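Participant: Structure for this input, please:
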Amino acid sequence: MTTLPQDDRSPLPHVDDASAPHWDGLARGVLTLRRCTVCRALNHPAAEECRVCENIPLEWVDIGREVRLYSWTVEVRPVVQGMRPPYVVGQVTPAECEDGDVRLVGTLLADPERLELGMPLLLQPVMAPGSERHLAVYVPA
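Facilitator: This is a model prediction of the structure:
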């Protein structure tokens, strides 16, 4: 699988003030997440307090493009308008986190037969068809 399954009818994520820095990061080609200024844990989705220590001072930081595959599924039926099956949706963990501590969801452009838990992937944001918004797409490293 090497082509984006979305077309211009695909649903787009809602961007609000709380999540805008994450989406701006994708447009720049990097993952941007909130980091606790006290315990240094990454937090996602964007929250008001740290998921680990519950402190409030969180800052937006660029963490790069490297992730590991946490889980995936292959969608073979046309269940979402504008998404052409088959396609792979994956949960990934940023490389600097323990497996599953922080999980992000995105499209995987990879042969499902070659996927393995924990395998390294790289973020490769792609502009959504018919939109100015970038989507999180992951490819084998």
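Participant: which residues are contacting the longest strand anywhere in the chain?
Facilitator: When the chain is parsed with DSSP state E, its longest strand is strand 66-75. Strand 66-75 is touched from outside by 31, 83, 85-95, 99-100, 103-104, 108, 112, 115-123, 138, 141, with contacts defined as CB atoms under 8 Å, 6 or more residues apart in numbering. Backbone N, C-alpha and C define where each C-beta goes, glycine included.
Participant: out of the residues you listed, which are buried?
Facilitator: 31, 83, 87-95, 103-104, 108, 115, 121, 123, 138 (16 or more other CB atoms under 10 Å).
Participant: And what about Gly118, helix, strand or coil?
Facilitator: For Gly118, the assignment made with DSSP: H, G, I helix; E, B strand; the rest coil gives coil.
Participant: same question, Thr107
Facilitator: In three-state terms, and counting by three-state DSSP, Thr107 is strand.
Participant: now the strands for the protein?
Facilitator: Assigned by DSSP E, the chain shows strands spanning 31-36, 42-43, 58-64, 66-75, 87-94, 104-108, 120-123, 126-127, 134-135, 137-140.
Participant: Looking at those strands, which is nearest to Pro5?
Facilitator: Taking CB to CB as the criterion, Pro5 comes closest to strand 87-94 out of the strands of the chain, the separation being 3.6 Å.
Participant: what helices or strands is the closest one leaning on?
Facilitator: Secondary structure elements in contact with strand 87-94, counted by 3 or more CB pairs under 8 Å, 6 or more residues apart in numbering; DSSP states H and E, are strand 66-75, strand 104-108.
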